[in-house]
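J.: Could you look at this predicted model? Sequence included:
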Amino acid sequence: MADPITFRAVVISSLLLVAAGCADVPREAGFADVKQNVSERTGLEVRWNQGTEADKAVEARVAEMLRSELSAEQAVQIALLNNRHLQATYEDLMIAQADLVAAGLLRNPVFDGNIRFSTTGGGTAVELALVQDFIDLLYIPLRQRIAGSEFAAAKLRVTGAVLDLAGETRTAFFSMQASQQMLELRRQVLAATDASYDIAKRLRAAGNTRELDLFTEQALFERSKLDVRAAEAQTVRHRERLNRMMGLWGTPAAEWKVAGRLPDLPDAPADVGLADGLESRAVERSLDLQLRRQKIEAASQTLGLAAPYGLLSEVSLGVIADRDNDGSWGVGPAFSLPIPLFDQGQPAVAKAQAELRRAHQRYAAIAVDVRSRTREACEAVIAAHEQADYHRKVILPLRQKIVDQTQLQYNAMQASPLQLVDARQQQIDAGAGYVRAVRDYWLARAELDQLLLGRMPAADDTNANDNEGSAAPAGGRGGH
């Protein structure tokens, strides 16, 4: 009989299609490429925490680093290993990898069946159909190329997120050090104004100074109290910012320490004398530009898919088997295709063309931005170094001479105690200006280094709209 043979043919066809469509998503999802890219650019390690024994060893390593006085590089390394926002970003790789796997799969076949019961006492009619979108098979290679470009872009975005965190952590570290150093100076100023106010009170009690002078010294003393409190709050803010970067909370967040002073100012800012060379390096290593090149590639592939897809968005082929009321079976091919009377693909083509033009324009714009930001960063480093160096070589020695001369005049009873205290306070204020200048240098240096690593500072908005439409048309598997 043909009945069981026909039914088995339909079932076997279904099982074969199911088996052919099975696919697994690799767990690593391109993380090895990200890890290598980060290592080549920074010399630092990243790890995707997946609860393994190796991850526990990394946690022990982080704890060991926290027990010593942290350097800027150690703080950055802890952030790259321990920041949970970064760990969440790694899942973007899995999402893009899943899209890439999906792009290589056929759409699921459609099984259709209906049963008709005779109202006149005859037999039951049965109709079974199994159809598959045939045109989808032709578009799989192109969808895979689109998804491959998106996957490559995802790896670049994740690498960029790592570099962003490294730059932000380094900036937070220098800001933290500067705030600690500034707090110590503010406490010295408070001690100086306290001494000056105490002297003024004794002189006023002896009738040797005016009441206005006493009030002036008291105002300076009270103001210094506020300055110390503000510096304490600023130090806490910078410390907590660094805690967030390093992913710390609880006891570890409260106990880590850094050196109380910023690194010494170098004699000359390294690598900034050849701005043209730095500009070329920044462009060559720019992740932002590499990401935009992937966007151009994906947009080009999408344009190649848009035109034919609009005309033949779905062509289904299959087999249909039906049994008439008399029990006889019939088997034959089944097909369906759209008639492009209204939508002939012009909107999809216009959209894809616009996205490709937009991708080219954004690439050119970012190339200009990278060059400009590099020149700007070079100038910022040079200017900050000059100002800090001027403080070190001119302002601070001059203030020291003023203190020395005032001390000599005080010893000769030609200067009042208040003048001596005031000279020392001004010397401390000059020291605070030097701390700010050195901080500005290291922050400018960190920004330039970030550009040379291949990433523009996070304040720039060039990575906005990274999820712009470059996926395959509706029904495809290549985009996300």
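T.: Happy to help now that I have it. Numbering: from 1, shown residues only.
J.: name the helices or strands packed onto the longest helix anywhere in the chain?
T.: When the chain is parsed with DSSP state H, its longest helix is helix 134-205. Using 3 or more CB pairs under 8 Å, 6 or more residues apart in numbering; DSSP states H and E as the contact test, the elements touching helix 134-205 are helix 31-42, helix 72-82, helix 84-103, helix 211-246, strand 257-258, helix 287-311, helix 417-453. C-beta coordinates here come from the backbone N, C-alpha and C atoms, glycine included.
J.: Which one of these lies nearest to Leu142?
T.: Nearest to Leu142, of all the helices and strands packed on helix 134-205, is helix 287-311, at 5.0 Å by CB to CB.
J.: Only the buried residues of the closest one, if you could.
T.: Buried residues in helix 287-311, counted by 16 or more other CB atoms under 10 Å: 287-303, 305-306, 309-310.
J.: what's next to the one helix or strand Pro397 maps to, contact-wise?
T.: Assigned by DSSP states H and E, Pro397 belongs to helix 396-411. Under the contact criterion CB atoms under 8 Å, 6 or more residues apart in numbering, helix 396-411 has outside partners Ala415, Ser416, Pro417, Gln419, Leu420, Ala423, Arg424, Gln426, Gln427, Ala430, Gly431, Tyr434.
J.: for those, which one is nearest Val370?
T.: Tyr434 (32.6 Å).
J.: check contacts around the closest residue to that closest one other than its chain neighbours.
T.: With CB to CB, 6 or more residues apart in numbering as the criterion, Tyr434 has its nearest non-adjacent residue at 4.1 Å, and that residue is His391. His391 makes contact with Ala430, Gly433, Tyr434, Ala437, according to CB under 8 Å, 6+ apart.
J.: Out of those, which comes closest to Leu278?
T.: Nearest to Leu278, judged by CB to CB, of the contacts of His391 is Ala437 at 22.5 Å.
J.: burial measure for that closest one, as a count.
T.: The burial count assigned to Ala437 is 20, neighbours taken as other CB atoms under 10 Å.
J.: Kindly indicate whether Glu28 is helix, strand or coil.
T.: What DSSP: H, G, I helix; E, B strand; the rest coil gives for Glu28 is coil.
J.: Flag the shaky bits of the stretch 101-250 of the chain, pLDDT-wise.
T.: Filtered on pLDDT under 70, the stretch 101-250 of the chain yields the residue ranges 119, 121-123.
J.: again, 80 this time
T.: Counting by pLDDT under 80, the stretch 101-250 of the chain contains low-confidence ranges at 106, 116-125, 132-139.
J.: now the stretch 351-480 of the chain
T.: Residues of the stretch 351-480 of the chain that meet the criterion pLDDT under 80 lie in 417-418, 458-480.
J.: quick one on the thing from earlier: what about the contacts of His391, which one has the most neighbours?
T.: Tyr434 (23 neighbours).
J.: Relative to Leu185, how far out is it?
T.: Relative to Leu185, Tyr434 is positioned 9 Å away (CB to CB, to the nearest Å).
J.: do the same with Leu105
T.: 65 Å.
J.: Who has more neighbours out of these two?
T.: When Leu105 and Leu185 are compared for neighbours, Leu185 comes out ahead with 20 against 16, by other CB under 10 Å.
J.: burial count for the nearest residue to that one once chain neighbours are set aside?
T.: Closest residue to Leu185 apart from its sequence neighbours, by CB to CB, 6+ apart: Ala432 at 4.8 Å. Neighbour count for Ala432, taken as other CB under 10 Å: 18.
J.: residues contacting Ala432?
T.: By CB under 8 Å, 6+ apart, Ala432 lies in contact with Met182, Leu185, Arg186, Val189.
J.: wait, what's in contact with the first one?
T.: Under the criterion of CB under 8 Å, 6+ apart, the contact list for Met182 reads Ala231, Gln234, Thr235, Ala432, Val435, Arg436.
J.: In PyMOL, how would I select just the buried ones from the residues you listed?
T.: Here is the PyMOL command that picks out the buried ones among the contacts of Met182, judged by 16+ other CB under 10 Å:
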select buried, resi 231+234+235+432+435+436
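J.: would a markdown table of the contacts of Met182 with distance to Lys56 be doable?
T.: As requested, the contacts of Met182 are arranged in a markdown table below (distance: CB to CB, whole Å):
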| residue | distance to Lys56 |
| --- | --- |
| Ala231 | 39 |
| Gln234 | 36 |
| Thr235 | 33 |
| Ala432 | 45 |
| Val435 | 40 |
| Arg436 | 42 |
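J.: just the contacts of Met182 now: which is nearest Ala380?
T.: Nearest to Ala380 among the contacts of Met182, with distances taken as CB to CB, is Arg436, at 14.5 Å.
J.: where does that closest one sit relative to Ile95, distance-wise?
T.: 44 Å.
J.: would you say Glu45 is within a helix?
T.: No: using three-state DSSP, the secondary structure at Glu45 is coil, not a helix.
J.: surely Asp324 meets Ala125?
T.: Yes: the pair Asp324 / Ala125 is scored as a contact, 5.9 Å apart, by CB atoms under 8 Å.
J.: Identify the contacts common to the two.
T.: Common neighbours of Asp324 and Ala125 (CB under 8 Å, 6+ apart) do not exist.
J.: so how far is the longest helix of the chain off the chain centroid?
T.: Mean-position distance between helix 134-205 and its chain equals 11 Å (CA atoms, centre = their mean, to the nearest Å).
J.: And stretch 58-76, by the same measure?
T.: Offset of stretch 58-76 from its chain centre (CA atoms, centre = their mean): 22 Å.
J.: Contacts made by that stretch with the rest, please.
T.: Contact partners of stretch 58-76, identified using CB under 8 Å, 6+ apart, comprise 42, 44, 47, 49, 77-78, 81-82, 166, 169-170, 172-174, 242, 245-246, 248, 252, 255-259, 263.
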